[in-house]
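Engineer: Got a predicted model here, sequence first, then my questions.
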Amino acid sequence: SQPNKGKKKTKGQKEIHHDNLATLDYYKKVILIANGLNIVIRLALSNYDSSFGCIAGWLLINIVFAVPFYTMSSMSRPTFEGNSLVDAGFDLNMGSGMGEHLKDIILLTAIVQVSSGLWFYCWFLWLLLPGRALHLLWVNILSPFFFAPAPQETIDPKKQKKLDRKAKRYQAVR
């Protein structure tokens, strides 16, 4: 078969809508499985207690799950006119988009939740989130700002000749 040439095929609104629904369903399952695994691991290791810290950690984890999930849900909310799809919303599967970062937060939180059932100090894995945020801030905003080349002034030829003559005159006087 012949390799694809030309422009990359773009996804239609129906395909984006279908993919968004599948993505949201997948991450809903990830959240539910992580919660279930956490409870099973804690019960199996007799590590489950009803202390304030345990309940507060569980609530915090689920808030961190809920915020990116509902953000993705609202970003991908479709617009219909009658029965026809007008706009599928934001494409959650677009590479290096906001949806990717939200999915990363959900996955890291699931890893933290399941692994914290085994070892308490796995909560420190959450420090990867601000680390990643600082990395993205540096790469996308700060570094290009600080290390951008100075703007080149374009001078018309007549003005350049005049400046050259002034420079020669100044050197001759010295």
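Structural biologist: Received it, and whenever you're ready, just let me know what you need. Numbering: from 1, shown residues only.

Engineer: list the buried ones in the helix ranked longest in the chain?
Structural biologist: For the chain, the helix that runs over the most residues, judged by DSSP state H, is helix 13-44. Of all the residues in helix 13-44, those buried under the rule 16 or more other CB atoms under 10 Å are 13, 16-17, 19-20, 23, 27, 30-31, 34-35, 38, 41-42. Bear in mind the C-beta positions are built from the backbone N, C-alpha and C, glycine included.

Engineer: do stretch 146-166 as well
Structural biologist: Buried-residue list, stretch 146-166, by 16+ other CB under 10 Å: empty.

Engineer: Also stretch 104-119?
Structural biologist: Neighbour counts using 16+ other CB under 10 Å place 105-106, 108-110, 112-117 of stretch 104-119 among the buried residues.

Engineer: mind checking how far that stretch is from the chain centre?
Structural biologist: Its chain's C-alpha centre and that of stretch 104-119 lie 17 Å apart, by CA atoms, centre = their mean, to the nearest Å.

Engineer: which SSE is the residue sitting nearest the centre point of the chain in?
Structural biologist: With distances taken as CA atoms, centre = their mean, the residue of the chain nearest its centroid is His101 (1.9 Å). Assessed by DSSP states H and E, His101 sits inside helix 98-116.

Engineer: and if you look at Leu85?
Structural biologist: Secondary structure from DSSP H and E places Leu85 in strand 84-87.

Engineer: Val86 against His17, yeah?
Structural biologist: No. The criterion here is CB atoms under 8 Å, and Val86 misses it with His17 at 10.5 Å.

Engineer: Overlap of the contact sets of the two?
Structural biologist: Contact with both Val86 and His17 is made by residues Pro78, according to CB atoms under 8 Å, 6 or more residues apart in numbering.

Engineer: Can you name every helix or strand that the lowest-mean-pLDDT helix or strand in the chain contacts?
Structural biologist: Sorting the helices and strands of the chain by mean pLDDT, DSSP states H and E puts helix 157-173 at the bottom, at a mean of 81. Using 3 or more CB pairs under 8 Å, 6 or more residues apart in numbering; DSSP states H and E as the contact criterion, helix 157-173 has no neighbours among helices and strands.

Engineer: Outside of it itself, list whatever touches it.
Structural biologist: The contact list for helix 157-173, computed with CB under 8 Å, 6+ apart, reads Ile155.

Engineer: repeat for stretch 126-142
Structural biologist: 101, 104-105, 108-109, 112.

Engineer: which stretches of this structure have low pLDDT?
Structural biologist: Applying pLDDT under 70 to the chain flags the ranges 1-10, 47-50, 173-174.

Engineer: One more pass at 50, please.
Structural biologist: Counting by pLDDT under 50, the chain shows low-confidence ranges at 1.
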